[in-house]
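Novice: dropping the sequence and predicted coords here.
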Amino acid sequence: MGGFAKERGRMVERHLKARDISDPKVLAAMGKVRREVFIPEQFRINAYADRPLPIGEGQTISQPYIVALMTQALELKGGETVLEIGAGSGYAAAILGKIADQVFTIERHQPLADLARKTLKAEGIKNVTVICGDGTKGLEKEAPFDAIVATAAGPKVPETLKKQLKISGRLVVPVGGAGYFQRLIKITRTAEDKFEQADLGGVSFVPLIGEEGY
Ligand code: SAH
């Protein structure tokens, strides 16, 4: 595992710091969480390459830079309650859990949800709760959230998720047509009925499948 620690440090320097990731909390979290344990054994050798990797069920763990970019966009200072749609391997949730107080993450594939839960537990991460279901409906019973992030792309920003934000809460979600090219959209709820929108650039995600997705 010593080799992985060194590779992880190099990943933070080369793929994050050398680009536009500057939030010290995000850099610290990315330097701590062991990405290799969230990846199927046969692909672990590539754990610190800056690219997505297959995790089963036709899904992928996002590339480290994108996880860092999305986490940074959420502007977490510590103490927040965060919702993630698309737990997948649980890696991004683990990163969020290093910064926020409490993380809820929803995954529609039961085997992925079960494995993510198991990996997070084995890593001693106790503030992340994995739920199996359709994340496009959010998580009404734990709402409102300081921040919400979706790691799968829908045809539009799910209205339900916007409504589960606190005032001044942030929602980061990839939006675009079917296929694998989307825009990363950031919504800030500035008042009860007021939302500001920013475009953070082009991204490529698996589809968000559900009531307010595809
Ligand atoms: N954050 C993950 C990335 C997983 S890819 C990680 O760090 O590994 C996106 C995931 O979103 C996939 O596992 C997919 O099954 C899931 N997904 C797609 N639509 C969903 C929905 N409506 N609700 C919950 N999960 C969904």
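Specialist: Arrived safely. Numbers count the residues shown, from 1 in each chain.

Novice: so what pLDDT did the residue positioned nearest the centre of the chain get?
Specialist: The centroid of the chain falls nearest to residue 92 when counting by Cα atoms, centre = their mean (4.3 Å). Looking at residue 92, its pLDDT stands at 98.

Novice: residues near residue 15, how many?
Specialist: The burial count assigned to residue 15 is 19, neighbours taken as other Cβ atoms under 10 Å. For the C-beta atoms, the positions are set from N, CA and C on the backbone; glycine is no exception.

Novice: ditto for residue 24
Specialist: Counted by other Cβ under 10 Å, the residues lying close to residue 24 total 7.

Novice: what's near enough to touch it?
Specialist: By Cβ atoms under 8 Å, 6 or more residues apart in numbering, residue 24 lies in contact with nothing.

Novice: likewise residue 188?
Specialist: Neighbours of residue 188 in contact, by Cβ under 8 Å, 6+ apart: 168, 169, 170, 171, 195, 196, 198.

Novice: likewise residue 154?
Specialist: Counted by Cβ under 8 Å, 6+ apart, residue 154 has contacts 136, 173, 174, 175, 207, 208, 212, 213, 214.

Novice: from the ligand, how far out is the first one?
Specialist: Think residue 136. Distance, residue 136 to the ligand, by Cβ to the nearest ligand atom, to the nearest Å: 5 Å.

Novice: cool, and the fourth one?
Specialist: Separation of residue 175 from the ligand (Cβ to the nearest ligand atom): 13 Å.

Novice: wait, that residue sits on residue 187?
Specialist: No - Residue 175 lies out of contact with residue 187 (Cβ atoms under 8 Å); the separation is 10.0 Å.

Novice: shared neighbours, those two?
Specialist: By Cβ under 8 Å, 6+ apart, residue 175 and residue 187 have these common neighbours: residue 157.

Novice: and the chain, which residues reach the ligand?
Specialist: 59-62, 85-86, 88-89, 91-92, 106-109, 112, 134-136, 151-152, 206, 208-210, 213 (Cβ under 6 Å from any ligand atom).

Novice: which among those residues count as buried?
Specialist: For those, a burial check counting by 16 or more other Cβ atoms under 10 Å picks out 59-62, 85-86, 88-89, 91-92, 106-109, 112, 134-136, 151-152, 206, 208, 210, 213.
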